[in-house]
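Engineer: Quick one, what's the 3D model for this:
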Amino acid sequence: QVHLVESGGGSVQPGDSLLLSCVASGRTLRNYTVDWFRQAPGTEREFVARIIRNSDTPAYKASLRGRFTISRDDARNTVNLLINDLKPEDTAVYSCAVSQSIWPDGAGDYEYRGQGTQVTVSS
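Structural biologist: Numbering: from 1, shown residues only. Below is the predicted model:
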């Protein structure tokens, strides 16, 4: 069993940065591929970034590459998502999910999901 808790969200202004964290308990997070998603009101959940199991290899949604950085903090059993130069269109609930697959390819490939953390970007 893996329990995931996201944190780090908040209300910020355009151009600010946020560091979101996905903290796991119960299992070693490095053994999982970890994906970050986001969901804005009235929209479907959108893939944001991925870090491959047993590695630090990242992958990003193409349109978000450059402002988003995913990384592991093994000492804290955590995967972080740094978002720079936040824009109003980044407003969403950000959540993480884990998979034992190297490259999960569908909702059924994720064993556990967190509840999410709200990010609101407005001036």
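Engineer: name the element the most centrally placed residue in the chain belongs to?
Structural biologist: Nearest residue to the geometric centre of the chain (C-alpha atoms, centre = their mean): Trp36, 2.5 Å. Trp36 is part of strand 33-39, with elements assigned from DSSP states H and E.
Engineer: which of the residues in that strand are buried?
Structural biologist: 33-38 (16 or more other C-beta atoms under 10 Å). From N, CA and C alone the C-beta is placed, and that goes for glycine too.
Engineer: Kindly report the same for stretch 88-108.
Structural biologist: For stretch 88-108, by 16+ other C-beta under 10 Å, it's 90-99, 104.
Engineer: Which of these sits closest to Arg27?
Structural biologist: Checking the buried residues of stretch 88-108 against Arg27 with C-beta to C-beta, the nearest one is Val98 at 8.3 Å.
Engineer: State the distance from Ala97 to Gly9.
Structural biologist: 16 Å (C-beta to C-beta, to the nearest Å).
Engineer: so who does the residue nearest to Glu46 when sequence neighbours are not counted touch?
Structural biologist: Of all residues not flanking Glu46 in the chain, Arg38 sits nearest, at 5.4 Å (C-beta to C-beta, 6 or more residues apart in numbering). By C-beta atoms under 8 Å, 6 or more residues apart in numbering, the residues touching Arg38 are 45-46, 48, 90, 92-95, 119.
Engineer: Tell me what Arg38 is bridged to.
Structural biologist: Glu46, Tyr94 (DSSP bridges).
Engineer: Could I get the full set of strands for this structure?
Structural biologist: Assigned by DSSP state E, the strands in the chain fall at 3-7, 10-12, 18-25, 33-39, 46-51, 58-60, 68-73, 78-83, 92-99, 112-113, 117-121.
Engineer: I'd like those strands written out as TSV, with mean pLDDT added.
Structural biologist: Output for the strands of the chain, formatted as TSV (pLDDT from 0 to 100):
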stretch	mean pLDDT
strand 3-7	97
strand 10-12	98
strand 18-25	97
strand 33-39	98
strand 46-51	98
strand 58-60	97
strand 68-73	98
strand 78-83	98
strand 92-99	98
strand 112-113	96
strand 117-121	98
